[in-house]
Structure formats: structure tokens, C-alpha cells
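> Sequence and computational prediction follow.
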Amino acid sequence: MNKKLVRMVAVLLTFALVLSAGCAGTQSNSGTGTNSTADSVQNSTANSTASTSKTETSQAASQADSIPEPDPGFQHDPRLADLGQVPIVKEPVTLNVVYSYADDIENNWAAKWLQEQTGLTFNWTLYPTDAFKERVAVDFSAGNKKDLVVSSNMSATKFTKTEEYKFAQQGLILPLDDYIANCSYNLAALIQKWPSIVTVSTAPDGHIYSIQSPNREGFGTYHGTASYKLWLNQEWMDRLGLQTPATTEQFADVLRAFRDQDANGNGDPSDEIPLSTCIAGAYVEIDGFLMNAFLYNDPRAASNAPYIAVDDDGKVYSTVLRDEYRQGIEYLAGLCSEGLLYPDAFTQDRATQAALNCSGDATRIGALPAQHLGYLVTSFKESDRYQQYVALMPLTGPNGYVGTTNVHPSNSSNPNGFIPYTAENPEVAFRLLDFVSSDEAVLALLYGKKGVTWDDADAGALTPSGEPANFKTLTALDTNTLYTMTGWPQIASHPFYAGVSQDPKAENGEGQEYILWHATYEMEKYKTDYHHVYPTLYYSQEDSEAVALYQATINPYIVEMKAAFITGNRPMSEWNDFLSELDVMGMQDYLNLLQKNYDIYVSSTT
């Protein structure tokens, strides 16, 4: 990390140790205390060794001796209680908070709980979801006196890193660096454990304007860390006496057997579809799972940078320009020319594909790429045909490469919790941000009231990994609007996992989480090092607009030509013409722009 980040992390390492020694006996109801609800919470990701966080922590700690401690001259707001204490204020304080909420917040249980716990009185300014960002920008420009701005969990209210950085460059929001170093308790402990919190939250100018949560092992939806899966019909494999393929050529042989040998056993050897996919959905791209047998490749349209990767020397490149990508397209074109890839794969939608597989007297699809099994059936309650399928492990390509994509720590971080320059109570607002990352606050704001919307796990309930569950939901989260206040910038110190069925063939698809977890666990060794994954970056407004313009022309063209080459509508002999067309569209200028911003990121975080 650079000097500023090293100082920040090392200061908090020292500060957290001081706090734990000096305040442990007096603090009450703080998420890092000995009576914390989450003290008994166990990480259900059995393969999560936390090696990354341990390495980061030890590196920061090794530099702590030469780093100054928190500024003893920092002027604290005298109305605030000691760090780690709740209520967080010693006398009444009214905080002006902007939030997005559609219901009656005066009767919201989480809002009342937050007031009771912190001792604050909240003056809420509520903006509707579809106008939230616009109204916040007006508040900033007008200099309206607000202490804190909090987005909800609705995508329309979430600010991007670029939008945050624009606010910062205009002087509309305050940097949090001094508050983090001098006023944090829960966040100090969290950063001690995960220094990457600082990394993903640091803007190009070296300041932190919001607390952002990085991807961390054991948190979030585990199967999303290896989303490019391919589902293979094991029942067909068994019927035909086939071995599980380990290479791209062996996979092609399996598809040929599916095509020729009445794999579904209904007496009709011509109704099988060896390989299928659809035009839109979660990780259904045909050059996702299968292309990663040739080179690392993430074509996902929702990615911040599809078809972009970073090599060992830190050079940003487009995977499409690599010869290995062309080889992968030739392989896929070969499958299509042999009738192994369904002709409608580039035109049918998910519903059509699922209906196709559920119609008739037997399954019709032998294999398909998708994040989960829901792409194989119209409904888990209406069909159990998904139970015929297993997740195929990544294949080895002709050059010996085998892998799958990974998730960069920055790719789940959204700026939130801005303190405007007009804030009359900035330190109080920051202490509130620190409080909401206690485990009690995470549970209360995200899940609501214990015994009403969530509760302790049932005895014997297990997570997908087979470890004890630590809580259960009692109602669907989207119905809890009078009990929850989602979207706050919260970083829990422990994951909360509910129990799931341990039977992969449980009715109504209730065993799917078990299936997905174990498939992902088996894929761990194939994951690409995340240093090759292009991160979610801060851009200037100008660069952000330029990136968006390039992506709006280049990426759809790649998708169009990919389908054309695979289906044979465009011969592979014209591949170099395709690359030339990309160059005319500005591919090199696009890569240069990404490289410039990646270099800024590296310089501010290493």
C-alpha cells in the first residue's frame, strides 16, 4: 500500500489493540464486544482459510512500529460518548439524515431501534427511489444542511465510484480519513482484520469519502464466486456409460454421444440437444465456462469491463485480441458445425429453453452453461428434471490451460454514507456510520426484529457446507419494510448463514443451495488469481463517459461477431478483419484509457 494507506491501516491496527485493552470491560452492546450476538457466529464457508486477510493484516502490522498513532490533538465533539459506548452521545443531538424510504418511517421498527441504541434524534429527509440521486445532487449544490446521506439497497439509489469522486472533487463531501484514524471503534477492528476495506474505499486523490465493503471470503453468496458453471446431464452419462470429460476434446466426444445414441432413452435418437444456452441470463454466455479452457475470459455483459483482463506485468488487455480466444471460437464453431450446439442458442430466451427441456416425455438438453439449475426447468415446483444434472469441473484446453473466473475484492463495493460539507455534526455522523457496522446493527437494520422477522437457527440446522447455521429468517426480506432499513454502509465482522436442506434432491429445489455450494467448493482450485481481474475503479467524469462510450460500441459488436463466427454466418478466415474493425472502433484507445486508470489504482493501493 502507499504511505497514506499504510499509515491508515497501521494506525487502526494499533488503535484497535488499545481499544480492546482499554474499553473491553466498559463497552455495552457494541458489535465487537464480548457479549456480541455474533460472537458465536461461525463461518459456514469451510474452505475459507482467510489467508488473504491474514496476509494483509501481517503486512500492515509489520509496518506499524514506524507509523504515528492517532492524533492526540484531534478535537472531538464533546457531546459524544467514549469510543465503543452506546448510546454514542452523552446529550441529545439531532442528526439530519437523507435516506430513500417509501413507507412510514415514524413507525419503522429499525428506525426506532437505531434511535434508542444511539441516543440520537433523527430528522429524516426521505426521497423516492427514482429521484433519490437527483435530489441528493440538488441538496449538495444548494448547500442544504444535511449531516449524512444514505442510499437504500435499490440499485437506482446507489452511487458509483465515479459519482462519489465527482462530489469529492467539487468539495461537496468530506474526507473521512481523520475520523477513521481518530473516531472509529467497530471500523477499526474491521480494518484490522480486513485492510482491503481501506483499499477499495480510497479515491485516486488518496482520501476516503465513504466506507465500502470489499468481497471477503465467507461473506455473501458463495456460489457467486465461481458463477461460470456448466450443467451436465449425469443421467444421460450413466445411460450411455460415459466417463466425465476432463478436456475440451473429451467434452466434444460426450456431446457427440448425446447426439447419436438416444441419450434420454425415449426411443427417439434425434430429439436430444447436446449443448444449449440462451441469449440473456446469469452467466449463460457460451464463451464463459468453455472459453476458460483456452484463456481467462469474463464476457458477462453486466461486468464493469467485459473481455478485459490484466497480465502478470500489470498490462491491461482485451481477451478477444488474444490468439487463444480465436482458438476458443474455432472450437465452439466446430461444435456448432457438427450439430452439437443448439441452432437457436443465440436467439432463444431462458423461458423458451426451460420449456424445451421440460416438454415431452424426457429431458432434451445434455449440457448448458448457467449460474444455477433454474435454467433447466420452468419451475422447481413443477419439474424435478434439474436433478439429472451435475456441475462439470473446468475443462483443460488444447494448450493445457484450465481455469475459471474470480471476483475482485472491489467488485461489490458501492460508495455510501456521505457526510456533506455542510454537515453541522460531522463527527456524530461518522460515529453513527461506525455504529451501524456492529453486528447487532447489521442484524437489526438488514433483517429486522428478532422473533418477528428473524430468529436463532433451529437446533441441528446446517449451512450448505455442513456447519451449524446461526440464524434463520421468518419472513421474506422484501416484505419487511416496516422492520428493516436496508442499504446502510455496513460491514459485519461475522457472516450470518441460515440453514438449508442437506439433500441435493430435496423437493421444490430446496437442495439447490447445497448443490451450488459444493460445486463452487470443488472449483476453488481453478479460480484465476484476482490480480488478473480488472477491478471496479474510480474514474473522472470525463473518463467515465469515454469508457461508457467505448463499451457501448465495442462490446455489442463483439457479442454480435461472436455469434456470427460460431454459427458460421461469418467464416473464421475473416477473423483478422474482425480485429481490424475493433481497432477502427477505438479498441486501443479504450485499452489505453483503462490502463491509465488501472495504473492510478495500483499507485494508490500498493
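Arrived safely, thanks for sending. Remember, predicted model here, so these are calculated numbers, not experimental data. Residues are numbered from 1 along each chain as shown.

> tell me the contacts of the residue positioned nearest the centre of the chain?
With distances taken as C-alpha atoms, centre = their mean, S412 lies nearest the centre of the chain, 3.9 Å away. Applying C-beta atoms under 8 Å, 6 or more residues apart in numbering, we find S412 in contact with 213-215, 220. The C-beta positions use only the backbone N, C-alpha and C, and glycine is treated the same way.

> Flag whichever of the residues you listed scores worst on pLDDT.
Within these, G220 has the lowest pLDDT, namely 80.

> Tell me, how many residues neighbour it?
Counted with other C-beta atoms under 10 Å, residues neighbouring G220 total 15.

> now swap in A246 and tell me
Using other C-beta under 10 Å: A246 sits among 14 other residues.

> Kindly give a single ChimeraX line that selects the buried subset of the contacts of S412.
Only the buried entries of the contacts of S412 go into this ChimeraX selection, using 16 or more other C-beta atoms under 10 Å:
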select :213,214,215
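
> which pair in the contacts of S412 spans the largest distance?
P214 and G220 (10.4 Å; C-beta to C-beta).

> Count the neighbours of H531 for me.
H531: 12 neighbours (other C-beta under 10 Å).

> How about A355?
The burial count for A355: 13, using other C-beta under 10 Å.

> That one: what's it in contact with?
T378.

> in the helix or strand where it lies, what's buried?
Assigned by DSSP states H and E, A355 belongs to helix 350-358. Residues of helix 350-358 classed as buried: 350, 353-354, 356-358 (neighbour count, 16+ other C-beta under 10 Å).

> average pLDDT for it?
Mean per-residue pLDDT for helix 350-358: 96.

> got the CA coordinates for that helix in PDB?
What follows is helix 350-358, C-alpha atoms only, in PDB (Å, rounded to 0.1, in the frame of the first residue of the first chain):
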ATOM      1  CA  ARG A 350     -34.400 -18.500 -20.800                       C
ATOM      2  CA  ALA A 351     -38.100 -19.400 -20.600                       C
ATOM      3  CA  THR A 352     -38.100 -20.900 -24.100                       C
ATOM      4  CA  GLN A 353     -35.000 -23.000 -23.200                       C
ATOM      5  CA  ALA A 354     -36.600 -24.200 -19.900                       C
ATOM      6  CA  ALA A 355     -39.900 -25.100 -21.600                       C
ATOM      7  CA  LEU A 356     -38.000 -27.000 -24.300                       C
ATOM      8  CA  ASN A 357     -36.300 -29.100 -21.600                       C
ATOM      9  CA  CYS A 358     -39.500 -29.800 -19.600                       C
END
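
> who's in contact with the very next helix or strand once past that helix?
Scanning forward in sequence from helix 350-358 by DSSP H and E, the next helix or strand is strand 365-369. Under the contact criterion C-beta under 8 Å, 6+ apart, strand 365-369 has outside partners 228-233, 236, 254-255, 258, 263, 272-277, 283-286, 288-290, 342, 353, 356-357, 375-376, 392.

> so what strands line up beside strand 365-369?
strand 230-233 (antiparallel), strand 273-275 (parallel) (DSSP bridges).

> Low-confidence stretches in the stretch 51-200 of the chain?
Scanning the stretch 51-200 of the chain with the threshold set as pLDDT under 70 gives 51-69.

> Next: the chain.
1-69, 606.

> so where do the helices sit in the stretch 1-150 of the chain?
Under the criterion DSSP state H, counting those that start in this stretch, the stretch 1-150 of the chain contains helices at 3-23, 51-62, 109-118, 132-142.

> do the stretch 201-350 of the chain as well
234-240, 248-260, 323-337, 350-358.

> Would you mind getting the angle between the second one and helix 323-337?
When you say that, I think you mean helix 248-260. 10 degrees (axes from the mean of the first three to the mean of the last three C-alpha atoms, to 10 degrees).

> Which elements pack onto helix 248-260?
The contact analysis (3 or more C-beta pairs under 8 Å, 6 or more residues apart in numbering; DSSP states H and E) places helix 248-260 against helix 234-240, strand 273-275, helix 323-337, strand 365-369.

> Compile these into TSV and extend it with columns for distance to G466 and mean neighbour count.
TSV is the format used below for the helices and strands packed on helix 248-260 (distance: least, C-beta to C-beta, whole Å; neighbours: other C-beta atoms under 10 Å):
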stretch	distance to G466	mean neighbour count
helix 234-240	22	17
strand 273-275	33	26
helix 323-337	36	19
strand 365-369	27	26
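
> what's next to stretch 144-154, contact-wise?
Residues from elsewhere that reach stretch 144-154 (C-beta under 8 Å, 6+ apart): 95-101, 125, 129, 132, 136, 139, 157-159, 414, 416-420, 422-426, 428-429, 432-433, 486-489.

> mind running it again at 7 Å?
95-101, 125, 129, 132, 136, 139, 157-159, 416-420, 422-425, 429, 432, 486-488 (C-beta atoms under 7 Å, 6 or more residues apart in numbering).

> Please apply the same query to stretch 514-521.
Everything outside stretch 514-521 that qualifies as a contact, by C-beta under 7 Å, 6+ apart, is 47, 222-223, 225-226, 229, 372-373, 391, 464-465, 500-502, 504.

> do the same with stretch 464-483
Against stretch 464-483 from outside (C-beta under 7 Å, 6+ apart): 40-42, 44-46, 103, 107-110, 447-449, 452-458, 461-463, 496-500, 502, 513-514, 517.

> Show me just the buried residues among these.
With burial judged by 16+ other C-beta under 10 Å, the buried subset of those is 41-42, 44-45, 108-110, 447-449, 453-454, 457, 461-463, 496-500, 513-514, 517.

> Filter those residues down to just the ones in helices.
With helices taken from DSSP state H, the overlap with the buried ones among the contacts of stretch 464-483 comprises 109-110, 447, 513-514, 517.

> Kindly indicate which of those lies nearest S318.
Closest to S318 out of those is W517 (32.9 Å), distances taken as C-beta to C-beta.

> any idea how far the residue nearest to the centre of the chain lies from T536?
8 Å (C-beta to C-beta, to the nearest Å).

> V150 too?
20 Å.

> Which one, of the helices of the stretch 201-350 of the chain, ends up nearest to Q595?
Nearest to Q595, of all these, is helix 323-337, at 19.1 Å by C-beta to C-beta.

> Can you verify my assumption that D439 contacts A492?
Yes: under the criterion of C-beta atoms under 7 Å, D439 makes contact with A492 at 5.7 Å.

> anything in contact with each of those two?
By C-beta under 7 Å, 6+ apart, no residue touches both D439 and A492.

> any chance of the helices of the stretch 201-350 of the chain in TSV, with distance to T475 too?
Shown next, in TSV, are these (distance: least, C-beta to C-beta, whole Å):
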stretch	distance to T475
helix 234-240	36
helix 248-260	44
helix 323-337	45
helix 350-358	28
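
> between those, which gets nearest to K90?
That would be helix 350-358 among the helices of the stretch 201-350 of the chain, by C-beta to C-beta, at 56.6 Å.

> Identify the single longest helix in the chain, thanks.
helix 541-567.

> Could you check the angle that one makes with helix 323-337?
Using the same axes, to 10 degrees: helix 541-567 against helix 323-337 is 40 degrees.

> what's the burial count for P394?
Neighbours around P394, by other C-beta under 10 Å: 23.

> Next: G397.
22.

> can you check K145 too?
12.

> From T125, how far off is F140?
Taken as C-beta to C-beta, the span from F140 to T125 is 13 Å.

> higher neighbour count, the two?
Remark: of F140 and T125, F140 carries more neighbours, 20 against 16, as counted by other C-beta under 10 Å.

> what's near enough to touch the residue nearest to that one when sequence neighbours are not counted?
Spatial nearest neighbour of F140, chain neighbours left out: L172 (4.2 Å); criterion: C-beta to C-beta, 6 or more residues apart in numbering. L172 makes contact with 140, 420-421, according to C-beta under 7 Å, 6+ apart.
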